[in-house]
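# quick one: sequence plus predicted model below, questions after.
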Amino acid sequence: MMTKAVSDNQALFERVLHSFEAYYNINREDPLPPFDAEASFNMHDEQYFLIRSARLSEADSREFVFFRLMDHLDLETFQDLDRKAWETCLARVDLSENHKSTDVCLILIANTIDPRAKEAVRRTDHYKSYRFGLKGWSCSRTIAYESETGACFCSRRGQDLQKLFKA
């Protein structure tokens, strides 16, 4: 039988995942291990003058979101998940002529979070530019939600993700 905390976390996980369904492609069947789900977003933007053939610029942006639901988050587990998400993002970068950005987002939901992991989440800051920014960049956003206390811990770039956990 499922405990109340596990079922509450599962419901929260479903709600957060559902909030991405409108604009992202969700992969729940075979996400990258050890993640429970994965979402991807692709955008192609064009600027043109009067007619489409007079194209001024084009830009391609991508974002990958990795979700993990767990009972307890400790420092080692967080570091492994963070490393796996960042390395996967970098491996999926396509430095085409129109590349603007390829970003990664890591969303973790746990009953309890170790104090060292909380601090590590706050300090997480991955950024990489390609050819001094001329070919775009990659950056990461991270958030961990502790359901026992209802507290969110996020990286500097991940602060906008807190709205996912507001009731």
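That came in fine, so what should we check first? Numbering: from 1, shown residues only.

# can we go C-alpha only for contacts and neighbour counts from here?
OK.

# so which elements touch whichever helix or strand residue 62 is part of?
Using DSSP states H and E, residue 62 falls within strand 55-73. With contacts defined as 3 or more C-alpha pairs under 8 Å, 6 or more residues apart in numbering; DSSP states H and E, the packing partners of strand 55-73 are helix 4-20, strand 37-48, strand 99-113.

# phi first, then psi, for residue 147.
When read as degrees, to the nearest 10, the backbone of residue 147 gives phi -70, psi -30.

# can you pull the pLDDT of the residue nearest to the spatial centre of the chain?
Relative to the mean C-alpha position of the chain, the nearest C-alpha, by C-alpha atoms, centre = their mean, is the one of residue 105, at 1.4 Å. For residue 105, the model assigns a pLDDT of 97.

# make residue 1 into 854 and carry on from there
Noted, 854 is the first residue going forward, which turns the last one into residue 958.

# now do the contacts for it.
With contact taken as C-alpha atoms under 8 Å, 6 or more residues apart in numbering, residue 958 is in contact with 916, 917, 918, 919, 938, 993, 994, 995, 1011.

# related to what we said a few turns ago, for the strand holding residue 915, which outside residues touch it?
Contacts of strand 908-926 (C-alpha under 8 Å, 6+ apart): 859, 862-863, 866, 887-902, 938, 942, 951-967, 970.
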